[in-house]
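Q: coords please:
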Amino acid sequence: MPDLPADYAERVYAGVLGKLIGVYLGRPIEGWTHERIMAELGEIRGYVNARLGVPLIVTDDDIAGTFTFPRALADCGFDPAIGSRQIGEAWLNYIVERRSVLWWGGLGTSTEHTAYLRLRQGVAAPGSGSAALNGRAAAEQIGAQIFIDGWAMMCPGDPARAARLAGEAARVSHDGVAVHAAQLIAAMEALAFVEADIDRLLEGGLAVLPADSPIRGVVADVRRWHASEPDWRAVRERIAAEHPYERYGGTCPIIPNHAVVILALLAGRDRFADAVAIACTAGWDTDCNAGNVGCLMGIRGGLAGLDAGPDFRTPVADRLYVSSADGGRAITDAVQESWRLVEAGHRLAGRAAPPRPKGAARFSFAFPGSVQGVAACGGDAHPLSLRNVAAGAGRALELRYSALAPGRAARAATPTFCDRDGAAMPTYRLLCCPTLYPGQRLRAPASALPANRGVVQARLFVEWFGAGDAVQRLAGPAVPLAPGEARVLAWTVPDLGGGPCWRVGVEIAAGGEGPADGSLLLEALDWSGAPDVVLRRPDGGGGMWARAWVDAASDFSWWWQALRVSQDRGTGLIAQGTREWRDYVVESELVVQLAKRWGLLGRVQGLRRWYGVLFVADDAGGLAGQTVQLVRMHNAPVTLAVAEHAWQAGRPYRVRMKLEGPRLGVWIDQKKVFDCRDAGALALHEGAVGILCEEGTVSTEAVTVRPAALGSTG
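A: Numbering: from 1, shown residues only. Take a look at the predicted model:
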């Protein structure tokens, strides 16, 4: 294995940022022709979302797929021999049909939708994406290429491994030249960690392709045209003439778009801003093409390359959404996603994953310029400026205030859940859970600079959606900070009445009689522990509390009972929580109307990874049964224990499950039913809670989650 580059982590971060910037630049004009772009907007040298009245930070398949599908590697124990079959299983675990990750354009129209349906029908990958099954036109669209960057960034300096993993991932949904295009881009990105020359990168990418691949001819065409014509616009015209959409069929064929990516890399030279501008302005699949170009150029030039042109980073502030069945990872940022890729890269290279900075704090601000979504609060808050600065041996976020008068407060916060606009995200739905809950302990080391004027009072605060979805704020204890003083802000989030936590942040208030000037250094922000929370409808109603559940059922409603789950065919579920939840007790009083199977879930990690206490019907109508099962679902179900327990529709049953290390305990109506251990290779160690229903309806008013040490077991 090649040695990992000394700046590997920072270059991954630059690649992730480059991907985000490219997608956010191109998303508002996706599908536009070059002619329309030039007529209505001109060359795309910056974000155009405001001009078109759309959000900048959006859900998008390019982003969701890029950061969801590589999770298959961790799910398989970082097996370097992982193949298409295992990656296809990750699709079935993380994708909620017609609601997350993919463009749901229909069977035979959307390549990814088609492949997903094949997987659901039992066709294992790579058959699910084969041209033999789906037709050549569908199999040779752009999707294989747009999802590939995450795999490449796990293989720094190793184009052969990147191409192999890219090929395995691509064949879940694509075939033929679409797979070759994905492999070429992945190999180039892997090589970009150790090589900057674009021609050498192209040669390295071509080296992984079959000798007869048509992609070789496309690349040769673009290189030849570019060598004889310095104006990229003229080369784009040649691409449109020689490789038009109409020649290849489908909605978004790979060859014209791949040609645009190669052109942008050649004509963009060493300038990130020029390369992504060409990828966007050329038209067609602008967010996909600019996303690939941005990622490769980010890796190649690092953060210095990203910062050499327009300020692309400040508006983005590291933010992204990864909408999937694993809702606790949806509200995320470039730093967190980068560390996951870096850890995977070390594991693939046969090395121990490096410790994350600052005790693996969620918000470490570890890379130059990183803010991880933290922004100054508006409204009645005092003005505040933010910047990432060097601090000791690491980095910190500097919160600067000026003329902060007594009685005034400055605030900065970062999202822990979506806002109302996020809940109504256009095109691609945002499935997400809050990342912070009552009962969890917040911790934020902070210090006042020695040159500050005046003492300040610093405190942590949360904002949440309360009655009627009105935003409410609650702050922890104030901690005085004199100039030069360092303290740790700590606070346990109290009960919020069922409302989901929207933001967490730091408040700074003047601590003396006169105004204060200066800066507070926020070194990190983190929280830990299982929650102590009742997931319920807040008094006074609203709808954001229900949005906090991942909805993977035919119908999820909250008009009668607070939580009502109905499933027409097969198995449906709702889930809430995060992967950081490990040892806890989950409890709920469930009422079934009818169902083949129904029950309570713990350690949920998607649709096909969970523990469940499941009541099993023994009549065709699903109105009654005599059996309850303790099941581990890990792509396939395994029954860990079975007990006799009579049940019937319409009657409430209080179900409690305690998950503590490998030990699983279950009580039904205060009676202990199961007490067993699951310590095998397929055991699940953390995850959310949920309710499952197979072909029927089950409901409850609330789900309670408490740390295992506090949960009742009587």
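Q: for the helix or strand bottoming out on mean pLDDT in the chain, packing partners?
A: The weakest-scoring helix or strand in the chain, judged by mean pLDDT, DSSP states H and E, is helix 420-423 (a mean of 86). Under the contact definition 3 or more CB pairs under 8 Å, 6 or more residues apart in numbering; DSSP states H and E, helix 420-423 sits against helix 544-547. Heads up, the C-betas are built off the backbone N, CA and C, glycines and all.
Q: How far away from the center of its chain is the helix it packs on?
A: The chain centroid and the centroid of helix 544-547 are separated by 19 Å under CA atoms, centre = their mean, to the nearest Å.
Q: what does that helix rub up against?
A: The contact list for helix 544-547 (CB atoms under 8 Å, 6 or more residues apart in numbering) reads 417-418, 420, 423, 432, 465, 469, 498-500, 502, 535-538, 556, 558, 563.
Q: Tell me which of those residues fall in strands.
A: If you go by DSSP state E, the contacts of helix 544-547 have 465, 502, 535-536, 556, 563 in strands.
Q: picking that back up, narrow the contacts of helix 544-547 to those that are buried.
A: Neighbour-count burial (16 or more other CB atoms under 10 Å) is assigned, among these, to 417-418, 423, 432, 465, 469, 498-500, 502, 535-538, 556, 563.
Q: Tell me the one of the residues you listed nearest Ala138?
A: Nearest to Ala138 among those, counting by CB to CB, is Cys432 at 30.4 Å.
Q: Touching, the closest one and Leu320? I think so.
A: No. Between Cys432 and Leu320 there is no contact under CB atoms under 8 Å: 11.6 Å.
Q: any low-confidence regions in the chain?
A: Residue ranges of the chain with pLDDT under 70: 1-2, 711-714.
Q: domain ranges for it?
A: Domains of the chain are assigned by automatic domain parsing as 11-327, 375-528, 549-707.
Q: From one end of the last one to the other, what's the distance?
A: Looking back up the chat, that one is domain 549-707. End-to-end span of domain 549-707 (CA to CA, to the nearest Å): 20 Å.
Q: And the residue nearest to Ala72 when sequence neighbours are not counted, how far from Val374?
A: Closest residue to Ala72 apart from its sequence neighbours, by CB to CB, 6 or more residues apart in numbering: Ala90 at 3.6 Å. According to CB to CB, to the nearest Å, Ala90 stands 31 Å off from Val374.
Q: Equivalent analysis for Ala308, please.
A: For Ala308 relative to Val374 (CB to CB), the value is 24 Å.
Q: neighbouring contacts of the helix or strand hosting Asp62?
A: Asp62 is part of helix 61-68, with elements assigned from DSSP states H and E. By CB under 8 Å, 6+ apart, the residues outside helix 61-68 that reach it are 19-20, 23, 90, 94-95, 100-103, 112, 143, 146-150, 287-288, 291, 320-324, 326, 332, 337, 428.
Q: Can you tell me which of those end up in strands?
A: Short answer: these in strands (DSSP E) are 320-321, 332.
Q: and Gly665, which of the three is it?
A: Secondary structure, DSSP: H, G, I helix; E, B strand; the rest coil: Gly665 is strand.
Q: mind checking how far the residue nearest to it when sequence neighbours are not counted is from Val698?
A: Once flanking residues are discounted, Gly665 sits nearest to Lys658: 4.2 Å by CB to CB, 6+ apart. Distance from Lys658 to Val698, counting by CB to CB: 21 Å.
Q: just Gly15 next, same as before
A: Counting by CB to CB, the gap from Gly15 to Val698 is 44 Å.
Q: and what of Gln472?
A: Distance from Gln472 to Val698, by CB to CB: 31 Å.
Q: Between these two, which has more neighbouring residues?
A: Set Gln472 next to Val698 and count neighbours by other CB atoms under 10 Å: Val698 wins out with 30 against 14.
Q: can I assume that one sits in a strand?
A: Yes. Counting by three-state DSSP, one finds Val698 located in a strand.
Q: who's in contact with it?
A: 564-565, 590-593, 595, 598-599, 691-692.
Q: With Leu601 as the reference, measure out to it.
A: Taking CB to CB, one finds Val698 at 12 Å from Leu601.
Q: Nearest residue to Arg387 in space, ignoring adjacent ones along the chain?
A: Closest to Arg387 by CB to CB, 6+ apart is Glu398, at 5.3 Å.
Q: now do Ser385
A: Excluding its sequence neighbours, the residue lying closest to Ser385 (CB to CB, 6+ apart) is Arg400, at 4.7 Å.
Q: Looking at this protein, which residue reaches furthest from the middle?
A: Computed with CA atoms, centre = their mean, the residue of the chain farthest from its C-alpha average is Glu513, at 45.5 Å.
Q: how many other residues sit next to the spatially closest residue to it that is not a sequence neighbour?
A: Once flanking residues are discounted, Glu513 sits nearest to Pro406: 6.4 Å by CB to CB, 6+ apart. Around Pro406 sit 13 other residues, with neighbours defined as other CB under 10 Å.
Q: shouldn't Pro406 be in contact with Val456?
A: No. The criterion here is CB under 8 Å, and Pro406 misses it with Val456 at 10.8 Å.
Q: Could you name every residue contacting both of these two?
A: Taking CB under 8 Å, 6+ apart as the criterion, Pro406 and Val456 both touch Ala510.
Q: returning to what we had before: secondary structure class for the residue farthest from the centre of the chain?
A: At Glu513 the chain is in coil, as set by three-state DSSP.
Q: One more: Ala413?
A: strand.
Q: mind listing what the residue nearest to the spatial centre of the chain touches?
A: Geometric centre of the chain, nearest residue: Val322, 2.7 Å, by CA atoms, centre = their mean. Counting by CB under 8 Å, 6+ apart, Val322 touches 63-64, 67-68, 329-330, 332, 337.
Q: Give the closest residue to it in space, chain neighbours not counted.
A: Closest to Val322 by CB to CB, 6+ apart is Phe67, at 4.9 Å.
Q: Equivalent analysis for Phe461, please.
A: Using CB to CB, 6+ apart and skipping residues adjacent in sequence, the residue nearest Phe461 is Ala475, 4.0 Å away.
Q: Share the number of residues neighbouring that neighbour, please.
A: Count around Ala475 with other CB under 10 Å applied: 16.
Q: how far away is it from Tyr24?
A: Plainly put, Ala475 is 33 Å away from Tyr24 if you go by CB to CB.
Q: swap in Ile63?
A: Distance of Ile63 to Tyr24, given as CB to CB: 9 Å.
Q: Same question for Thr627.
A: From Thr627 across to Tyr24, the span is 51 Å (CB to CB).
Q: in the helix or strand that contains the residue nearest to Gly665, what counts as buried?
A: In the assignment (DSSP H and E), Lys658 maps to strand 652-660. The neighbour-count check on strand 652-660 (16+ other CB under 10 Å) flags 653, 655-659 as buried.
Q: what do you get for stretch 36-54?
A: By 16+ other CB under 10 Å, the buried positions in stretch 36-54 come out as 37, 41, 44-49.
Q: likewise stretch 106-118?
A: Buried residues in stretch 106-118 (16+ other CB under 10 Å): 110-118.
Q: just stretch 7-22 next, same as before
A: In terms of neighbour count (16+ other CB under 10 Å), stretch 7-22 has its buried residues at 8-22.
Q: What of stretch 567-580?
A: Neighbour-count burial for stretch 567-580, counted by 16+ other CB under 10 Å, picks out 567, 571-580.
Q: ok, the residues you listed vs Thr251, which is closest?
A: Out of the buried residues of stretch 567-580, the member with the shortest distance to Thr251 (by CB to CB) is Gly572, at 29.5 Å.
Q: Let's verify the closest one: helix, strand, or coil?
A: Once three-state DSSP is applied, Gly572 turns out strand.
Q: And for it, nearest residue in space, chain neighbours not counted?
A: Using CB to CB, 6+ apart and skipping the chain neighbours, the partner closest in space to Gly572 is Ala553 (3.2 Å).
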